[in-house]
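J.: Got a predicted structure plus its sequence, pasted below:
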Amino acid sequence: MTTKLTKFNELNQILRLYMINSHRLFSKYTENLNLTPQQSRTLSYIERHPGIIQRELADNFHLRGASASNMLKNLERDGYIIRKNDPASARVKRIYLTQYGQKTIVSIRKAFSKINDDASHDLDEEQLDELIHLLKNLNKHLEDFIDK
């Protein structure tokens, strides 16, 4: 008889494998962009939130400040983003996409859309709804333990 712990361990392995495979698929669809999935999600987020500051970006992606800083430095070096001084505070740098970054977003959107289509191909809407519901409950449960 399979125990609850064994089943939960299997779930963890499946979720990890899903993330690994989605990263691999993303790399396959975007090999010409030379961006990691995290960099691509970051560019997409900046597109939706132009003028965001580094701390807000780090908070959104649950990154340490140094990790966010390094990633932004690389994106800026490669021409995807630009940091501009905030007129209200010289210490604050606002982050925007460059023209090149905006052009790249089109390819990123296509890749994410293709991944979503491929990943959900064999699932009907009811199955997706159930999976979403279960994973939301699981995450809520984990967050409750974190907050204790």
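T.: That came through, no problem.
J.: Break down the chain into its helices, ranges please.
T.: Assigned by DSSP state H, the chain shows helices spanning 4-29, 37-48, 54-61, 65-77, 99-120, 125-147.
J.: Which among these is found nearest to N85?
T.: Set against N85 and scored by C-beta to C-beta, the helices of the chain come closest in helix 54-61, at 13.1 Å. (C-beta placed from N, C-alpha, C; glycine too.)
J.: one step back: deepest-packed of the helices of the chain, please.
T.: helix 37-48 (a mean of 17; mean count of other C-beta atoms under 10 Å).
J.: so which of the helices of the chain comes closest to K93?
T.: helix 54-61 (6.9 Å).
J.: and the gap between L25 and I53?
T.: Separation of L25 from I53 (C-beta to C-beta, to the nearest Å): 32 Å.
J.: Put together a markdown table for the helices of the chain, with distance to R91 and mean pLDDT on each row.
T.: What follows is the helices of the chain, written out as a markdown table (distance: least, C-beta to C-beta, whole Å; pLDDT from 0 to 100):
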| stretch | distance to R91 | mean pLDDT |
| --- | --- | --- |
| helix 4-29 | 35 | 91 |
| helix 37-48 | 20 | 95 |
| helix 54-61 | 11 | 95 |
| helix 65-77 | 14 | 95 |
| helix 99-120 | 24 | 93 |
| helix 125-147 | 31 | 92 |
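J.: any chance of those helices in JSON lines, plus distance to N85?
T.: Output for the helices of the chain, formatted as JSON lines (distance: least, C-beta to C-beta, whole Å):
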{"stretch": "helix 4-29", "distance to N85": "33"}
{"stretch": "helix 37-48", "distance to N85": "17"}
{"stretch": "helix 54-61", "distance to N85": "13"}
{"stretch": "helix 65-77", "distance to N85": "14"}
{"stretch": "helix 99-120", "distance to N85": "19"}
{"stretch": "helix 125-147", "distance to N85": "36"}
